[in-house]
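**Q** sharing a model prediction with you, sequence too.
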Amino acid sequence: MNQLIKPTPWDTAAFGAPTWELLEYSPAALQQATQIAGHHSIRVDPLADKRLLHEYGFYYCDTLIEPHCNATRLRTAQHPDVSISRVADVNQVMAICHGAFAHGRFHRDFNLIQSRSGLAL
């Protein structure tokens, strides 16, 4: 896979199907995406013309959630009870993040099944 599209394993786990992110909004990336089965996502400026997406047969849904942070606002935080692991107890995770995904990542897209649009455990 060249640098126009990359796999997104976190979305593959959530959707149960192959997922990809287009790394640029260009005819070349869109053409490549039409050759790869699965769910494709792309970041497009909200004010940009979405015509190319429709010309290549894609349905575009703008997500409402937008981060408001930059490098100058980041800070290091250390806590003796916190560690990073790929193995987690689902009940502990749910206790920490319950409600955090109430709107899901794709909550504005009525074409997606709501139970698959956020944290569905």
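**A** Okay, I see it. Numbering: from 1, shown residues only.

**Q** let's see the helix or strand harbouring residue 92 as CSV, backbone CA atoms only.
**A** Assigned by DSSP states H and E, residue 92 belongs to helix 90-97. Backbone C-alpha positions of helix 90-97 (Å, rounded to 0.1, in the frame of the first residue of the first chain) are rendered in CSV as follows:
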residue,chain,number,x,y,z
VAL,A,90,-13.5,-4.5,30.0
ASN,A,91,-15.3,-3.6,33.2
GLN,A,92,-12.5,-1.3,34.3
VAL,A,93,-12.4,0.4,30.9
MET,A,94,-16.2,0.9,31.0
ALA,A,95,-16.1,2.4,34.5
ILE,A,96,-13.6,4.9,33.2
CYS,A,97,-15.2,5.9,29.9
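
**Q** same question for it, mean pLDDT?
**A** Taken as a whole, helix 90-97 has a mean pLDDT of 80.

**Q** excluding chain neighbours, what is closest to residue 37?
**A** residue 18 (6.3 Å; Cβ to Cβ, 6 or more residues apart in numbering). Where you see a C-beta, it was placed from the backbone N, CA and C, and this is true even at glycine.

**Q** got a list of what the one you found touches?
**A** 7, 12, 36, 37, 38, 39 (Cβ atoms under 8 Å, 6 or more residues apart in numbering).
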